[in-house]
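[1] Quick one, structure for this:
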Amino acid sequence: MSNTQIDYDTIAEIYDLYVTADYDIPFFLQETANVEGPVLELTAGTGRLSLPLVQAGVQVTCVDSSQGMLDVLSRKLRERGLSAEVRCADVCRLEFHTSFRLAILPFQSFMEIVGEERQRQALSAVFACLAPGGRFICTFHNPAVRRTQADGVLRIVGRFPTQDGTLVVSGFEQGGHPIVERLQFSFTLPCGVSCLASALLLLCVLCDEPACCSNHIVSGNFCPILGRNGGRLLSIGKTTF
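    Numbers count the residues shown, from 1 in each chain. The predicted model follows:
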């Protein structure tokens, strides 16, 4: 597996197709409703949470380390006639002249900060941005539940309709003590192609053990069957519990 974190620039344009979770939006709308001044949102991404907050009248400063994800967010803001400060920055190295009454790091994104040293740097950086008495809301996975998925078993994350057919996202994870090695990939099935065909294609793609397959992908020998069917590697890298 790769020794790097996931490169979100490479998936920015299709991220919204397969990341559609909204279960935490009511909670953050409630927590930000009466905050004086701007709210600092870390790992804002393409605006999954940012847009509902801005639409609700919250003044949001959106931070993410992926310029590609922020480009998508900025485009969405322009299209909706909304405004927010958007800044590309590493959460471990935040520099603001403004102090925030509330900083949020939603969607378990703290777990994308790999390694205790970097996690401590991130916490220190966030603390330095808070006004006296300010709050920091950071959500986490339940390790006992989450670890059961890091078993090296190939899973279909989901099938998502597109203009050209169906985007099928699959992948597997290994480890979890605490580092998780993750590999995800996608391919597009033309309209009318059955789920059975997608399953057969997956068998062709992962014709070896997952660890062996990941080595082939890293070395550039990605299964040609996937490529001929519109396949692409979504992300390869590490996360943590």
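
[2] Helices of the protein, start to end?
    Applying DSSP state H to the chain gives helices spanning 15-18, 25-32, 50-55, 67-80, 116-129, 143-146, 195-205, 210-218, 224-228.

[3] Out of those helices, which gets the lowest mean score?
    Set side by side, the helices of the chain differ in mean pLDDT, and helix 210-218 is lowest with a mean of 41.

[4] quick one, domains of the protein?
    By the assignment in automatic domain parsing, the chain contains the domains 19-138, 146-240.

[5] how about TSV for those, with mean neighbour count added?
    C-beta here means a position set from N, CA and C on the backbone, and glycine is covered the same way. What follows is these, written out as TSV (neighbours: other C-beta atoms under 10 Å):
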stretch	mean neighbour count
domain 19-138	17
domain 146-240	16
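
[6] Looking at those domains, which is nearest to residue 6?
    Among these, domain 146-240 comes nearest to residue 6, with 3.8 Å by C-beta to C-beta.

[7] Just the terminal-to-terminal distance for the closest one.
    10 Å (C-alpha to C-alpha, to the nearest Å).

[8] next one: stretch 91-102
    Start-to-end, stretch 91-102 (C-alpha to C-alpha) is 15 Å.

[9] Now tell me what touches that stretch from outside.
    The contact list for stretch 91-102 (C-beta atoms under 8 Å, 6 or more residues apart in numbering) reads 31-32, 35-40, 42-43, 61, 63, 65, 89, 105, 113, 118, 121-122, 125-126, 128-131, 133-137.

[10] Which members of the residues you listed occur in strands, if any?
    Using DSSP state E, the subset of those located in strands is 39-40, 42, 61, 63, 105, 130-131, 133-137.

[11] export those residues to CSV and tack on pLDDT and distance to residue 146?
    Shown next, in CSV, are these (pLDDT from 0 to 100; distance: C-beta to C-beta, whole Å):
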residue, pLDDT, distance to residue 146
39, 98, 27
40, 98, 26
42, 98, 20
61, 98, 29
63, 98, 25
105, 98, 17
130, 98, 28
131, 98, 33
133, 97, 32
134, 98, 29
135, 98, 25
136, 98, 22
137, 98, 19
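
[12] now, which of those residues sits nearest residue 158?
    residue 105 (24.6 Å).

[13] Go ahead and confirm that closest one touches residue 135.
    No. Counting by C-beta atoms under 8 Å, residue 105 does not reach residue 135; the two are 11.7 Å apart.

[14] now residue 165: how far from residue 158?
    14 Å (C-beta to C-beta, to the nearest Å).
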